[in-house]
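Chemist: For reference, the sequence and a predicted model appear below.
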Amino acid sequence: MKKRGKGIACMFYPIGFTSYPNPGSAFVKVNQDGTAVVFTGATDMGQGSTTVLAQIAAEELGIRYEHITMVTGDTEKTPFDLGSVASRVTYIVGNAVKRAAHEAKRILLEVAAEKLGVSPDGLCAGDGRIYIKGLPERFLEISEVARIAQMGKGRPPIGSGSFNPITTFLDPETGHGKPYGAYVFATQIAEVEVDTETGVVEVLRIAAAHDCGKAINPMLVEGQVEGGISMGVGYGLFEEMVLDNGVVKNPQFTDYILPTSLDMPEIRVGIIERPEPTGPFGAKGIGEPSLLPTAPAIINAIYDAVGVRIRELPATPEKILKALRETDQGKA
């Protein structure tokens with residue numbers, strides 16, 4: 001007999017390292033052809049951070065995304081970064097990139113202000129141009145301003161930026177403090193089908209609502225959540241490292257089972273945008289938080305379906321059948 005159940009799980013998650021200094025840094029250079037180069041030590045491991053950082057730089061400089069070149073992860077050329085960990089890159093390195101781009105833009109605005117006869121505060125940058133606020137027809141191309149800054153004024157439009165979240169250590173007696181600069185929140189709901197004869201669980205659907213601040217790139221946010229859910233399905237139902245006196249007994253993928261595309265449920269992702277005042281354009285993070293509620297939601301759904309609580313992951317068919325037998329014996 002197959003029975004269905006639904007389960008819900010909620011979470012909150014901090015962005016960055018706990019209390020300790022957690023800086024990000026970047027350089028931005030605007031070229032004389034109106035393009036720009038961003039240098040940062042942050043490494044893109046497939047999560048899309050290079051794309052997001054380029055978008056942040058483009059938005060701040062007022063040039064097209066396609067005109068941004070990213071130089072990342074090269075310790076000979078880029079400033080130091082603490083790593084693509086702790087879901088920190090968009091929030092922390094994104095702030096550093098935004099600040100570096102702002103500094104480079106400030107030089108451009110000051111040079112353009114002399115040419116246009118206004119104060120730098122009266123100018124905007126967008127679509128590859130610097131123009132007077134309220135008078136977009138009066139503009140200079142950023143490429144022209146960059147050439148004047150470099151060759152005419154001796155002021156290369158180069159900026160550097162860093163960002164370190166304001167945190168404090170937790171008091172050892174009270175536990176009070178501010179260990180992180182920002183937090184994200186999420187809820188996931190899972191629907192499962194449990195075969196009471198075999199103990200096999202099929203995850204049918206998962207709905208996920210995630211707060212990531214401002215979604216700089218909504219498609220990448222959805223992709224991160226979908227990837228996190230796939231990891232959560234594996235964590236909840238399949239993946240188990242078997243140790244014997246510190247030796248891994250299942251080091252091959254023939255024994256360490258990962259979910260495949262056939263194991264993945266229908267996924268619906270809802271992006272909840274609550275801009276973070278300290279984030280770049282309101283952004284926070286989405287990496288690790290995307291997987292946290294998945295396994296608990298699945299376990300709760302199994303309980304809803306067959307009335308047994310699995311307290312040790314993964315929830316294998318053997319564990320479910322054992323729990324069902326114990327429940328039946330208890331009723332008897």
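Modeler: Arrived safely.
Chemist: Can you show me the strands along the stretch 201-332 of the chain?
Modeler: With strands called from DSSP state E, counting those that start in this stretch, the stretch 201-332 of the chain shows them at 201-213, 243-244, 247-248, 266-273.
Chemist: Could you give the average pLDDT over the second one?
Modeler: With pLDDT averaged residue by residue, strand 243-244 scores 94.
Chemist: quick one: contacts of that strand?
Modeler: Here strand 243-244 makes contact (CB atoms under 8 Å, 6 or more residues apart in numbering) with Lys249. C-beta: built from backbone N, CA, C; applies to glycine.
Chemist: Give the rounded mean pLDDT of stretch 86-96.
Modeler: Stretch 86-96 carries an average pLDDT of 96.
Chemist: now the end-to-end length of it.
Modeler: Taking CA to CA, to the nearest Å, stretch 86-96 runs 16 Å from one end to the other.
Chemist: Any idea how far that stretch is from the middle of the chain?
Modeler: Distance of stretch 86-96 from its chain centroid, counting by CA atoms, centre = their mean, to the nearest Å, is 8 Å.
Chemist: a helix runs through Thr167, doesn't it?
Modeler: No. Counting by DSSP: H, G, I helix; E, B strand; the rest coil, one finds Thr167 to be coil, located in no helix.
Chemist: quick one: it from Val28, how far?
Modeler: Here the criterion is CB to CB, to the nearest Å. By it, Thr167 lies 26 Å from Val28.
Chemist: more neighbours, these two?
Modeler: A count of neighbours by other CB atoms under 10 Å puts Val28 above the other of Thr167 and Val28, at 28 against 19.
Chemist: beta partners of that one?
Modeler: In this entry, Val28 is beta-bridged to Val38, Gly159, by DSSP bridges.
Chemist: Likewise for Lys6?
Modeler: Here Lys6 sits in beta bridges with Glu191, as judged by DSSP bridges.
Chemist: May I see the strands of the stretch 201-332 of the chain organised as CSV, with distance to Gly5 added?
Modeler: Output for the strands of the stretch 201-332 of the chain, formatted as CSV (distance: least, CB to CB, whole Å):
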stretch, distance to Gly5
strand 201-213, 10
strand 243-244, 32
strand 247-248, 33
strand 266-273, 16
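Chemist: closest one to Ala283 among those?
Modeler: In terms of CB to CB, the element of the strands of the stretch 201-332 of the chain nearest to Ala283 is strand 201-213, at 4.7 Å.
Chemist: That closest one versus strand 266-273: what angle between them?
Modeler: Orientation note: strand 201-213 sits at an angle of 20 degrees relative to strand 266-273 (axes from the mean of the first three to the mean of the last three CA atoms, to 10 degrees).
Chemist: Alright, calling it a day.
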